[in-house]
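*Asks:* Give me the fold of what follows.
(chains A, B and C)
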Amino acid sequence: MTTDNQSRVVLSVEGVTIDTRPAGRKPIVRDISFDVKEGETVCVVGESGSGKSVTSMAVMGLLPKDALQVSKGRILLDGEDVLQVSAARMRALRAAGVAMVFQEPMTALNPVKTVGEQIDEVLRLHTKDSAAQRRKKVLEMMERVHLPDVTRIYKAFPHELSGGQRQRIVIAMALILRPRLLLADEPTTALDVTTQKQILHLIKELQEQEKTAVVFVTHDFGVVSEIADRIVVMNRGELVETGTRDEILTAPKQDYTRMLVSSVPSLIPRRSPVTGQPKVLEVVGLVKRYGKKGLISDHSVLAAQEVSFTVHKGEITGIIGESGSGKSTVARCVMRLTDPSQGAVVVNGQDIVPMRRLRDVRKQVQYIFQDPYRSLNPRRTIGQSLMEGLINYGIDEGEARRRAGETLELVNMPASVMNRYPHQFSGGQRQRIAIARAVVMKPDLLIADEAVSALDVTVQAQVLRLLEDIRANTGVSILFITHDLRVAAQICNTVVVMQKGRIVEQGAAGDVLANPRHDYTRALIDAAPAPDWDFQNFRPAAGMPGMAPA
Amino acid sequence: MLGFVVKRVLSAIPVLFMVAVIVFMVLRLSPGDPAVMIAGPNATTEQLQDLRESMGLNRPLLEQLFLWLGDIARGDFGVSLVSGKAVTELVLDRLGPTIALSLTTILLAVAVALPLGVIAAWQQGRWLDRLVMAGSVLGFSVPVFIIGYVMILIFARYLGWFPVQGYKPLSEGIGAFASRLVLPTVALSFPYIALIARIVRTNVIEVMGEDYIRTARAKGQTERGVMTGHALRNAAVPIVTIIGVSITMLISGVVVTESVFNIPGLGRLVLEAVLARDYTVIQAVILLFSTIYVFINLAVDLLYGFFDPRIRY
Amino acid sequence: MTSDTAPSKPAQTELDLPDMAEARNDSGVAAMIRAILSSWPARISAAVVVLIVAMAILAPFLGTVDPVQLDPSQRLQGSSAAHWLGTDSYGRDVYSRVVYGARISLAVGAGTVVIAVAAGIFFGVLTGYFRWADIIVMRFMDGLMAIPGILLAIALVAISGATLTTVLIAISIPEIPRVARMVRSVIMGVRSEPYVEAASVLGTGALKMVWRHMLPNTVAPLLVQGTYIFASAIMTESILSFLGAGVPPETPSWGNMMADGRVYFLVKPELILYPGVMVSLTVLSVNMLGDVLRDRLDPRMAKRL
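*Replies:* Predicted coordinates:
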């Protein structure tokens, strides 16, 4: 999409400061200014806590009244300051002048009303059309967002639709009155990559037809590099830098922007498989069936079928798949957090599936969970959490404390944090602690279940580096579960691609990610935004299939 | 849908069975020989022996339980140990007043509590909300009989607007029926108004924080439209639940209220039976109330589907 | 480990943030007291509860006479220097009975909480964690919940004889299923929490797991529920006594006083009103405290009541 200088400015944010109410602490957003022109897509990028979502809520006039307020600046929508207009005028502007698409299509729709009714509500509020006219318009709009079988979906309830379909409904609702400005707050973050690609396409397509100005709030530089005309980088409530897409991606001026962009892992695989090492884990013909097979009806779900793969000593093996692919089920079976229905899980030469005493297995295999906010008991100190496993295995408290301290230093945390509680740490720090808790047991195999997915991209880069260092220093093998191909490309020696409970392809990361043989793997790589951009080096990737030496 | 209904109805059976077992255990395993209780302290050993024989009290406990369950299944609740009348007949005689009192109470409670709860939620944190909340804590902290007596004192004795006590069936004229029902209904409804209003308030407040409420506002919906069009419908399931719970809880209030206002209903029947240790009547009335409880819960479950399409089986 | 020095910098700065751990992780008692004293209605309720407890403890020193002393010559007297609140139909001193009545009510309230919470935790852990006999125990609990509590209590007292112990047990039994269900649901909810799974991965045994990682989650809701049970037990005791199925009739309990006053209520309503006000005041204050605790400790519970 191109923008020429004659295009009219639709949204103009001028020196906006947003304060907490009652005012007291530092403002959430300080002195932000940017413009958005007709037909232009401006991406507001930042990590959590940057104030990017709050800014978009302010434009919509939807800041929680008793908690936040715009204390300075103007927000001009086609020249009209939305901070000054009456409540009635603001309501009229919403949907007709400025519309919004939210992050969670699951919760953004009212669960007890049909989706047709919910789109229709916009027309009821803002037009004088008859019921028949409205219905016709709603159905047309549903077709424009490429929903299938629109008369049926009109009568459907949100829970009967997939995540992608729900997001299409939200977009239809936002765009049915052809607003001048569309605010999209992380609209694809909750979706799988393949769905994300379709939704990004759709927004672009509708934007081109209507010349809508789009503000796209996101943390994902892959998405940004696909859709942005211009980029606004925010950090801790301040505007760091603005520029065109190419300026920011190839020549960022600010250090923060440089760090942010270069933290994005690229899709270029970096490592080759480990050779000449013994097998640490061998999974053979693993099957996991949830629910019972009844006499008459079969309500069971096969979460994993005929899964076989091997992890060697010192190797990082990635299991890649979208939600529902069964990748976490496999990880949980390897840990015996879930009991496999069939098959063998051989750890250091011993099949652990028939074992009754799990304690003996569990020292050899340790687990790192996705959500660092929930994987540490909030009521116990870091020291207690770290020492718990050692003490369970009969190590005396003094020795356990010493080892816990050592391990904390291994993950770059001072040993003095042992007397503190988890809530005193950021997400990235907690994930380090969780890694320390696993590593302190000196396991042979670490299972990292989406262990970096909940982290901001700069923190993610640090934790990935930390895992690599630990592997290098301790020789531990890592089974790395992720939905993110970039992360997998960054860290894995070998990868296993799963779809609907089955392995569709596996092999060296360089082979599978650079020359995928299976259609599904190809589709995944295709859907990943900006596959051909090397973020670390601020340039296009030189020839995708080429592999940097490990 | 039909499958779900059948499944839910069937799942009520084990609960009812447990109720029967508990009632049986409570009455048979308590200290004291039922035969002595029934025949009185002056009965001879021989009389007691005959009584045990005829009541089956000397058979093994488990056998007694199953004999009794079999009788219940056939609708035979036995005869009153005191009056000798069939228990079914006694219960049917007393059913009318209790049903009348319960229905008027729950209708009044819902009619008053729903708007109160919504207003409180709307005005969250302001004085009207505080007033409603304070009133509601008061509402279920004052024993029903105190409210009842105070109302009798004020409205019957000093103002003379209503008869002091008693009950007249509808067949004796609507005036006589209604005038005697007003005070007990109002007195009994207090705790339920309090309870329902609180639940309505909390749930409406919670729903108002949901994402789809924000979506509705982003569409340009008015605050009134957000409340009536989006919030209330979503708060309906917990509200229906609490109304169901209130109906089942009415029973204890009914016993007290009937006693205060001298209404010859089931509550009085069970109280008389307890004081006279009339086993069979106690068993039957407890079973009846428990069955009502189970079926109201069933009805509430089935109603969920009406309000929330996600639970449409 | 040298490659990761840069990121530890922000870690340090974050650690220097104001330290709120001590405030949040101190014992439940301190948190509870702070919660209680945060608003005026709460302070007043707390003061009322303290006063009633003091009254119960200090009953003999508050100018009372023997609350069960009959004096047929002094029946139904009005208030006087000798009898501050007059006498009842047996000539007993109403003031003394009101003061001593606090003992019965508080004892019943506290006793019920102890029995119901102990049994509730036992069954809740049994069914929620060990899943042992889950179906049978929970069906039994469902059955128990289906029986109107007051009827069950009346029946139990009538059959087992009217003593303080039977009344206590009769009031406690119907409360057990609710506690058990709550404990069970908390434990089942926390079973799949990553930190519980993490502990299991570290080889933590079952009992340690329940004690260390699961039961602490029930403390806040139990405190709230316990407060409500305390209030409701006092209410139930007064209803039982009022209906003639409570503690022995000569015992000076508020419920018994109201039961005795029933016959005379049109001529001498204060015989019911004095104890009635005391019951209401006590239950009201405890319920208010329950609300405060719930709002502070367990906001989600508000939905369930």
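
*Asks:* middle-most residue in chain A, spatially?
*Replies:* Centroid-nearest residue in chain A: A:T189, 5.4 Å away (criterion: C-alpha atoms, centre = their mean).

*Asks:* neighbours of the nearest residue in space to that residue that is not next to it in sequence, just the number please.
*Replies:* Spatial nearest neighbour of A:T189, excluding adjacent residues (C-beta to C-beta, 6 or more residues apart in numbering or on different chains): A:Q103 at 5.6 Å. C-beta here means a position set from N, CA and C on the backbone, and glycine is covered the same way. Look at A:Q103: counted by other C-beta atoms under 10 Å in any protein chain shown, it has 20 neighbours.

*Asks:* so is A:Q103 in a helix, a strand, or just coil?
*Replies:* coil (DSSP: H, G, I helix; E, B strand; the rest coil).

*Asks:* ranges for the helices of the stretch 301-450 of chain A?
*Replies:* A:327-335, A:358-362, A:382-392, A:397-410, A:427-439 (DSSP state H, counting those that start in this stretch).

*Asks:* about what we covered before: could you report the separation of the residue nearest to the centre of chain A from chain B?
*Replies:* Using C-beta to the nearest C-beta, to the nearest Å, A:T189 is found at 14 Å from chain B.

*Asks:* C:L76 touches C:Y264, doesn't it?
*Replies:* Yes: taking contacts as C-beta atoms under 8 Å, C:L76 lies within contact range of C:Y264: 6.9 Å.

*Asks:* coming back round to it: who are the contact partners of the residue nearest to the centre of chain A?
*Replies:* By C-beta atoms under 8 Å, 6 or more residues apart in numbering or on different chains, A:T189 lies in contact with A:103, A:218-220.

*Asks:* okay, now C:I33: neighbour count?
*Replies:* Neighbours of C:I33 under the rule other C-beta under 10 Å: 11.

*Asks:* what's the following helix or strand after the helix or strand that contains it?
*Replies:* C:I33 belongs to helix C:28-36 when elements are defined using DSSP states H and E. The helix or strand immediately downstream of helix C:28-36 is helix C:40-57, counting by DSSP H and E.

*Asks:* Give me the contact list for that following helix.
*Replies:* B:134, C:35-37, C:62, C:99, C:102-103, C:106, C:278, C:281-282, C:284-286, C:288-289, C:292.

*Asks:* Give me the subset of those lying in strands.
*Replies:* Using DSSP state E, no member of the contacts of helix C:40-57 falls within strands.

*Asks:* so where is the chain shaky, pLDDT-wise?
*Replies:* No chain in the question, so chain A it is. Along chain A, segments meeting pLDDT under 70 span A:1-6, A:23-25, A:292-299, A:542-550.

*Asks:* could you do chain B instead?
*Replies:* Scanning chain B for pLDDT under 70 picks out B:1, B:29-41, B:55-56, B:312-313.

*Asks:* Around chain A, which positions in it sit nearby?
*Replies:* For chain B, the residues in contact with chain A (C-beta under 8 Å from any C-beta of the partner chain) are B:210-212, B:214-222, B:225, B:229-230, B:233-234, B:236, B:307-310.

*Asks:* now with 7 Å?
*Replies:* Listed as neighbours of chain A in chain B under the rule C-beta under 7 Å from any C-beta of the partner chain: B:210-212, B:214-215, B:217-222, B:230, B:233-234, B:307-310.

*Asks:* what does the stretch 201-305 of chain C put close to chain A?
*Replies:* Residues of the stretch 201-305 of chain C lying near chain A (C-beta under 7 Å from any C-beta): C:201-204, C:213, C:216.

*Asks:* anything in stretch C:133-143 sitting right up against chain B?
*Replies:* Yes: Stretch C:133-143 lies within reach of chain B by C-beta under 7 Å from any C-beta, at C:139-140, C:142-143.

*Asks:* Including pLDDT, could those residues go into CSV?
*Replies:* Shown next, in CSV, are those (pLDDT from 0 to 100):
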residue, pLDDT
C:R139, 84
C:F140, 86
C:D142, 85
C:G143, 85
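
*Asks:* Adding neighbour count and secondary structure, write those out as TSV.
*Replies:* Formatted as TSV, the residues of stretch C:133-143 next to chain B follow (neighbours: other C-beta atoms under 10 Å in any protein chain shown; DSSP: H, G, I helix; E, B strand; the rest coil):
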residue	neighbour count	secondary structure
C:R139	17	helix
C:F140	20	helix
C:D142	20	helix
C:G143	22	helix
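
*Asks:* Those residues: which two are farthest apart?
*Replies:* Taking C-beta to C-beta as the measure, the residues of stretch C:133-143 next to chain B span a maximum distance of 7.3 Å, between C:F140 and C:D142.

*Asks:* quick one: common contacting residues for these two?
*Replies:* Jointly contacting C:F140 and C:D142 under the rule C-beta atoms under 7 Å, 6 or more residues apart in numbering or on different chains are B:M18.

*Asks:* which of the residues of stretch C:133-143 next to chain B lies closest to B:V204?
*Replies:* C:D142 (29.2 Å).

*Asks:* Hmm, the closest one is touching B:I13, no?
*Replies:* No: with contact defined as C-beta atoms under 7 Å, C:D142 does not reach B:I13; the gap is 11.5 Å.

*Asks:* sec struct for A:V214, please.
*Replies:* Per three-state DSSP, A:V214 ends up strand.
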